[in-house]
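> fold the following and give me the result.
(one chain, ligands or ions: 2)
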Amino acid sequence: MSYRVLFVTAEYTPLAKTGGLADVSAALSRFLHDRGDDVRVFLPLYRQIAERPFPRQPVDFLQNLSLSIGSREYRYSILCGQAPGSTLELYFVDCPALYDRPGIYTPDADEHHRFLLLTRAAFECSQRMGFAPHILHCNDWHTAFGPLFLRTVYAWDRLFSGTKSVLTIHNVGYQGVFAAADVAALGLGEAAWLVHQEDLVAGRINSLLHGILYADLVTTVSPNYAREICTPEYGVGLDGFLRMRGDRLVGILNGVDYAEWNPETDRYVPLHFSAAAPAGKAAVKSAFTERLRLPRNPDTLFVGLVSRLVAQKGIELLPLVLPGLLRARNLCFVAVGSGEPRYEDALASLQRAFPDRVVYHRGYSEELAHWIEAASDVFLMPSLYEPCGLNQMYSLKYGTVPIVRRTGGLADSVSQYSPASGRGTGIVFEHFDSTALRWALETALDLFARKDHWRRIIANGMAEDFSWTRQGALYIDQYRRMAGAD
Ligand code: ADP
Ligand code: GLC
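Residues are numbered from 1 along each chain as shown. Ligands and ions are numbered 1, 2, ... in the order given. You can find the predicted model right below:
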């Protein structure tokens with residue numbers, strides 16, 4: 001059976017991306033479209049999308065619409081355009097008052113209005129299009145009020161009588177909390193009692209919590225993270241609610257868009273290689289080290305990192321471990337990322353201390369991200385927590401050995417290499433401390449010197465398959481269970 005899916009998201013690769021949410025929204029919606037589902041993706045027309053030379057047209061019957069969020073009245077229109085490289089139609093919510101701003105996310109006081117409008121617009125436009133979704137698929141806190149709106153504001157409309165709601169939690173660390181004083185922004189009227197009352201009394205409204213309470217199904221992006229967020233250590237205050245919804249909480253590991261992340265066809269890295277011909281990787285390393293003016297010695301372990309620089313990613317461990325190793329062992333380190341100034345500064349000072357062996361690019365660069373994946377010998381993800389993580393899976397495909405902490409989706413996608421059995425795809429450490437990370441990097445350096453093992457671990461990783469054909473089918477199973485039998 002094919003499904004009508006209303007898919008609402010704050011990010012979409014390559015149009016608006018800060019992290020994996022964008023990659024997953026794009027790849028999952030395209031997977032559904034390619035298998036014949038009628039997917040309508042709604043996302044904001046951020047300034048950065050509006051400024052792109054990207055073909056889109058106004059939808060004539062969805063122009064100059066109005067919607068009140070609390071006491072504010074917003075006017076918006078819908079533009080429609082095909083997702084790059086696909087025939088899937090994207091619906092952009094054009095509301096300059098909210099989206100014509102410098103970033104995808106803002107620190108502005110009306111941040112919640114920006115995403116309440118997106119969520120409401122998806123319903124309002126479905127009504128005007130006569131689109132009756134089987135599934136409303138919401139992502140993260142931004143659109144987490146969708147399930148409650150379905151049960152309240154839009155409950156009268158028979159168009160939605162067969163609609164089931166899914167909330168996918170990509171990261172429980174971001175919850176979209178705003179002041180209880182703005183409860184009117186939800187537009188719930190008499191149904192306002194459905195807002196979590198203890199939070200209201202405490203003066204706040206937690207967007208993600210409401211998705212957890214009211215979605216027909218809550219998914220998160222790896223089976224291990226689904227277990228972890230039910231514990232106080234990882235639940236960021238929502239573990240009790242997640243345990244309560246335990247029978248409707250499912251972990252589905254993200255997939256990889258191998259059209260985008262594939263060393264045989266990579267459009268940013270013109271030197272291609274594959275599992276059948278892995279030797280080409282050495283040429284990529286050589287070209288990249290030359291470009292960065294790093295040692296061109298094939299025996300120097302090339303360590304890569306591509307990351308948002310936030311506490312989640314374990315960046316604080318790097319200055320504790322890398323200087324000692326850079327002094328004692330034969331390695332170089334290349335990082336691209338931006339985020340909290342304390343981490344940016346730490347990486348910049350590492351580069352100043354080791355100018356001939358460390359390169360840090362502050363900022364966002366898709367091109368560098370691809371080069372780092374392709375050229376590195378090992379890829380670092382020492383995350384404090386990691387709902388899924390995509391780069392470790394990209395790394396496996398590129399013959400780049402991931403060094404990960406055993407947490408979230410990293411634990412589900414990378415297995416410890418055992419020299420005795422020759423099995424395993426990476427190096428996995430347990431404790432979030434410098435001793436454990438140092439052990440992992442030392443292990444990598446030692447294995448790297450034993451070429452037979454290194455070839456084996458690379459081959460094991462390149463043989464892994466995290467395609468959306470596999471992972472997307474797990475979402476279809478869930479849709480099927482909700483929407484009724486075929
Ligand atoms: P998260 O969503 O928590 O940031 P993921 O591993 O799921 O982590 O996804 C991160 C995505 O963002 C990957 O596609 C990665 O390549 C990309 N990315 C992160 N930081 C940068 C950066 N500075 N430049 C380019 N790409 C980046
Ligand atoms: C989040 C998580 C990351 C996950 C991504 C896509 O940003 O931090 O682990 O891979 O979403 O689901």
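
> can we go C-alpha only for contacts and neighbour counts from here?
OK.

> only the buried residues of stretch 297-313, if you could.
Thr300, Leu301, Phe302, Val303, Gly304, Leu305, Val306, Ser307, Arg308, Leu309, Val310, Lys313 (16 or more other CA atoms under 10 Å).

> which residues of the stretch 151-300 of the chain fall in strands?
Counting by DSSP state E, counting those that start in this stretch, the stretch 151-300 of the chain has strands at residues 164-169, 177-179, 204-206, 217-220, 249-251.

> what does the stretch 351-486 of the chain give?
For the stretch 351-486 of the chain, the strands defined by DSSP E, counting those that start in this stretch occupy 358-362, 378-381, 401-405, 427-429.

> and those: which comes nearest ligand 2?
Ligand 2 lies closest to strand 378-381 among the strands of the stretch 351-486 of the chain, at 10.5 Å (CA to the nearest ligand atom).

> briefly note if the closest one comes near ligand 1.
No - applying CA under 6 Å from any ligand atom, one finds strand 378-381 separated from ligand 1 by no less than 8.7 Å.

> quick one: mean pLDDT for that strand?
Strand 378-381 comes out with an average pLDDT of 98.

> ok, the closest residue in space to Lys17 that isn't next to it in sequence - how many residues close by?
Distances taken as CA to CA, 6 or more residues apart in numbering place Glu11 nearest to Lys17, at 5.4 Å, with adjacent residues excluded. Look at Glu11: counted by other CA atoms under 10 Å, it has 24 neighbours.

> is it correct that Glu11 is in contact with Leu21?
Yes - counting by CA atoms under 8 Å, Glu11 does reach Leu21; the two are 6.1 Å apart.

> show me which of the buried residues of stretch 297-313 neighbour ligand 1.
Val306, Ser307, Arg308.

> related to what we said a few turns ago, ok, which pair from the buried residues of stretch 297-313 is furthest apart?
Thr300 and Val310 (28.2 Å; CA to CA).

> hang on, the earlier thing: show me the contacts for the residue nearest to Lys17.
Glu11 makes contact with Lys17, Thr18, Leu21, Ala22, Ser25, Leu43 under the criterion CA atoms under 8 Å, 6 or more residues apart in numbering.

> quick one: the nearest residue to Leu208 once chain neighbours are set aside from ligand 1, how far?
Once flanking residues are discounted, Leu208 sits nearest to Trp141: 4.4 Å by CA to CA, 6+ apart. To ligand 1, Trp141 is 14 Å away according to CA to the nearest ligand atom, to the nearest Å.

> let's have the strands of the stretch 151-300 of the chain in TSV, adding mean neighbour count, distance to Val153 and mean pLDDT.
Output for these, formatted as TSV (neighbours: other CA atoms under 10 Å; distance: least, CA to CA, whole Å; pLDDT from 0 to 100):
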stretch	mean neighbour count	distance to Val153	mean pLDDT
strand 164-169	26	14	98
strand 177-179	16	20	98
strand 204-206	21	18	98
strand 217-220	25	19	98
strand 249-251	22	25	98
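
> doesn't Leu43 fall inside a strand?
Yes - counting by DSSP: H, G, I helix; E, B strand; the rest coil, Leu43 falls inside a strand.

> so for whichever helix in the chain runs longest, mean pLDDT?
In the chain, assigned by DSSP state H, the helix with the most residues is helix 111-129. Throughout helix 111-129, pLDDT has a mean value of 98.

> just how off-centre is it within its chain?
22 Å (CA atoms, centre = their mean, to the nearest Å).

> with only the CA atoms kept, save the longest strand along the chain in CSV.
Across the chain, the longest stretch assigned as strand under DSSP state E is strand 72-82. Extracted C-alpha coordinates of strand 72-82, given in CSV (Å, rounded to 0.1, in the frame of the first residue of the first chain):
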residue,chain,number,x,y,z
ARG,A,72,-0.1,38.2,16.4
GLU,A,73,-1.6,37.8,13.0
TYR,A,74,0.8,36.5,10.4
ARG,A,75,0.4,36.5,6.6
TYR,A,76,2.0,33.8,4.6
SER,A,77,2.0,32.2,1.2
ILE,A,78,3.1,28.8,-0.2
LEU,A,79,5.7,28.3,-2.8
CYS,A,80,6.3,24.9,-4.4
GLY,A,81,9.5,23.5,-5.9
GLN,A,82,11.1,20.2,-6.6
